[in-house]
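Peer 1: model the following, please.
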Amino acid sequence: MIHNLRLLFLFVVTLCFIKTIPAQENIPELFDDFNYESASDNALPVTNKWSIVDGISGPPANAVYSANNIEFIIDTSIANNKLLKVSTVVDKNNGTISHARIETSDFSYRHGTFAARVYFDDTPALFSDANVETFYTISPYATCTEAEKYSECDFEYLPWDAWGGPSRSNNLYFTTWETCETKVYNNSLKSYRGWHTLLYTSTPGGPVQYYVDGQLMATHNKYIPDSDVNISFANWIFNNTTGTENENRKSSMLVDWVYHSKDISLNTNEVINRVEYLRENGILRKNTTGSTSSSNYMPNEKTHAGTGNIKIFPNPSSDVFNIEITGEPDYPGFFTLTSAEGKTVSIPTISSYSKGVCHLKISLQNLKPGIYFFHTWTGSKTTSNKLLVLKQ
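Peer 2: Coordinates of the predicted model:
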């Protein structure tokens, strides 16, 4: 009887998590279109708190990770789109290997839907290089021996499987970890070269389910996330194992977008619809999963063509600039605050919006006195307003 009640409870909890969500419905979610200028873009740590690993890290132990291996490139297939490029570099001339990882510094995610559109590269198979191209969520690794403090869910693609696949074949692993030594996994033995939508869902009480392009690939009930995680993308070479060819090479995984809905399980089509809705409304990145929320916007033809009327007050100021932008309905914009020398010092975000008016506030707490410029860009027009920061 108790067993049946427990199953009923888990069934009810699962139903609460799995429901159809219209694309326009406001839900706690994270989204990033990876529309950044470079690995040093000041916007990276703002909305989704991206951090790029640069220096000695792992895996493998004491590996060299380079920020130069993280790039944001033009998407030749979608207009005005950019892609995150995550690469390994094997330099046979100098005998060096470098890896790449970009991750959120925010460990505040656990259950719901985690998805990304990823391009897997089979180049490592040509050289017998043990690359691991991966999209995953993970708790701080220092806790990995403590089951109650550690969680990890992985999509790991090995074009040349150094983990023991038949004839070192292509292999995609779906792995849920309890500790760094205790796990359950499934795998798919075939080439996944090309673009794929990767998605996993996690609910309290389980299961964790992994999907590729909408197809269910693995269901894990034994272990489920029981601690908070971050969101990561990496391309690394297992044990720094590379083939004997003397050719220098670069192998790259690409990422179009990443999406997470907090405590809500969505299917692949629902996620794609939400991503399309966000893009169509000019949203570059968004995070409403925590106690604070922020978004950045990139307008398009469907939103409006002008930059609206801008009011900034008080100006000059020693404390805060209040900004009101009046435009067409659903007015979005992409905002930057630069110094007189042209350096970006802040990426302001909309604090509220009502009746065609966007409200922003720029705190001057960390700004030195001097001249600054507030820029608004809509894709068709850019306006710049001069601001004067006074000594506090």
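Peer 1: spatially central residue in the chain, please.
Peer 2: Centroid-nearest residue in the chain, with C-alpha atoms, centre = their mean: residue 258, separated by 4.6 Å.
Peer 1: how far away is that one from residue 102?
Peer 2: 10 Å (C-beta to C-beta, to the nearest Å). For the C-beta atoms, the positions are set from N, CA and C on the backbone; glycine is no exception.
Peer 1: picking up where we left off before, who's in contact with the residue nearest to the centre of the chain?
Peer 2: By C-beta atoms under 8 Å, 6 or more residues apart in numbering, the contact set of residue 258 is 30-32, 34, 115-116, 135, 231, 233.
Peer 1: can you add pLDDT, neighbour count and distance to residue 109 and give those residues back as CSV?
Peer 2: Listed next are the contacts of residue 258 as CSV, based on pLDDT from 0 to 100; neighbours: other C-beta atoms under 10 Å; distance: C-beta to C-beta, whole Å:
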residue, pLDDT, neighbour count, distance to residue 109
30, 96, 25, 8
31, 96, 25, 13
32, 96, 26, 13
34, 96, 25, 18
115, 98, 26, 12
116, 98, 22, 13
135, 98, 27, 13
231, 97, 24, 6
233, 98, 23, 14
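Peer 1: out of those residues, which are inside strands?
Peer 2: 30-32, 115-116, 135, 231, 233 (DSSP state E).
Peer 1: report the secondary structure state of residue 227.
Peer 2: coil (DSSP: H, G, I helix; E, B strand; the rest coil).
Peer 1: what number of residues lie near residue 361?
Peer 2: Residue neighbour count, defined by other C-beta atoms under 10 Å, stands at 13 for residue 361.
Peer 1: how about it, secondary structure?
Peer 2: Residue 361 ends up strand, using three-state DSSP.
Peer 1: one step back: between the contacts of residue 258, which is nearest residue 367?
Peer 2: residue 32 (26.5 Å; C-beta to C-beta).
Peer 1: surely the closest one meets residue 283?
Peer 2: No - distance between residue 32 and residue 283: 9.9 Å, which falls outside the contact criterion (C-beta atoms under 8 Å).
Peer 1: follow-up on the earlier one: for residue 258 and residue 102, list the residues in contact with both.
Peer 2: residue 233.
Peer 1: I'd assumed residue 102 was in contact with residue 86.
Peer 2: Yes - in this structure residue 86 lies within contact range of residue 102 using C-beta under 8 Å: 6.7 Å.
Peer 1: and those two? Which one has more around it.
Peer 2: Using other C-beta under 10 Å as the criterion, residue 86 and residue 102 rank with residue 86 on top: 27 against 22.
Peer 1: partner residues bridging that one?
Peer 2: Beta-bridge partners for residue 86, by DSSP bridges, are residue 70, residue 253.
Peer 1: contact partners for it?
Peer 2: 69-70, 100-102, 133, 233-235, 252-255.
Peer 1: distance of it relative to residue 29?
Peer 2: Taken as C-beta to C-beta, the span from residue 86 to residue 29 is 23 Å.
Peer 1: do the same with residue 343
Peer 2: Residue 343 is 31 Å from residue 29, where distance means C-beta to C-beta.
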